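K.L.:
what's the 3D shape of this:
(one chain, ligands or ions: 2)
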Amino acid sequence: MSNPKSRGFLSETAALAGAVIRAMRITAVNFIRKPITVHYPEKPRTYPDRYRGLLALTYDKETGEENCIGCRLCEFICPPAVIKVEMLKTEKRNYAKTFTLELYACEFCELCVQVCPTDAIVMTKSFDLSTGDRRALLLDKDRLHAIGLQHENSWATGNKLRDMQAPPKKVVTGGPA
Ligand code: SF4
Ligand code: SF4
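P.N.:
Ligands and ions are numbered 1, 2, ... in the order given. Prediction:
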């Protein structure tokens, strides 16, 4: 009959050896794997089309006019109430007289983009606005337009997002049975 003490020692040694082998196998696999570190910002990263980055205001590509009509829908929908818009009424159309966005409290929920009737507010494929000063993240109309010109816009716009949510068209059934 074998000694229970030596049986315990042998099973513990076997478990330990198994753990060491498993750990060494993981080390070996990672040793030959290519590094995945990206040397940002020297090497820019590619972001997905729907990336929710910095918010921006847009211009009409054909006329060069501001797309924002100052309707304040984005202000009303914004959950943390970080958008403030003042409307400027003119004969032909309305504009945003002032437009401010407190980016430091933004939740990046995209609701403002979703409700905008003129695709004036969008998200960009960039988060490149880090700062140690919170005041630098209070964006006014000019800075929001500048961000829109500087960075690539995400795919999502208000009209595209609303189209995606439209109820499916009615199925047309065949003629009389
Ligand atoms: S993304 Fe959401 S939280 Fe940020 S400004 Fe738009 S509605 Fe407000
Ligand atoms: S960004 Fe769009 S939703 Fe907001 S005020 Fe301008 S037009 Fe209206």
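K.L.:
residue 80 is in contact with residue 105, isn't it?
P.N.:
Yes. Using CB atoms under 8 Å, residue 80 is in contact with residue 105, at 5.1 Å. C-beta: built from backbone N, CA, C; applies to glycine.
K.L.:
the more surrounded of those two?
P.N.:
Neighbour count, other CB atoms under 10 Å: between residue 80 and residue 105, residue 105 has more, with 13 against 10.
K.L.:
ok, now how distant is the more buried one from residue 146?
P.N.:
21 Å (CB to CB, to the nearest Å).
K.L.:
around ligand 2, pick out the residues from this protein.
P.N.:
Residues of the chain found near ligand 2 (CB under 6 Å from any ligand atom) are 68-74, 85, 96, 115-116, 118, 120-121.
K.L.:
buried subset of these?
P.N.:
68-71, 73-74, 85, 96, 115-116, 118, 120-121 (16 or more other CB atoms under 10 Å).
K.L.:
among the residues you listed, which ones are in helices?
P.N.:
Per DSSP state H, helices hold the following members of these: 73, 74, 115.
K.L.:
contacting residues around the nearest residue to the first one once chain neighbours are set aside?
P.N.:
Counting by CB to CB, 6 or more residues apart in numbering, residue 73 lies nearest to residue 115, which is 4.6 Å off, once chain neighbours are set aside. Residues in contact with residue 115, defined by CB atoms under 8 Å, 6 or more residues apart in numbering, are 73, 74, 77, 158.
K.L.:
ok, for the last one, nearest residue in space, not its chain neighbours?
P.N.:
What sits nearest to residue 158 in space, not counting adjacent residues and going by CB to CB, 6+ apart, is residue 116, at 3.9 Å.
K.L.:
would you confirm that that neighbour contacts residue 160?
P.N.:
No. Under the criterion of CB under 8 Å, residue 116 makes no contact with residue 160, lying 11.1 Å away.
K.L.:
now find how far off-centre the longest helix seen in the chain is within its chain.
P.N.:
Across the chain, the longest stretch assigned as helix under DSSP H is helix 4-32. Relative to its chain's centre, helix 4-32 lies at 44 Å (CA atoms, centre = their mean, to the nearest Å).
K.L.:
where does the chain have low pLDDT?
P.N.:
Where the chain drops to pLDDT under 70, the residues are 1-2, 174-177.
K.L.:
element containing residue 98?
P.N.:
Following DSSP states H and E, one finds residue 98 within strand 94-102.
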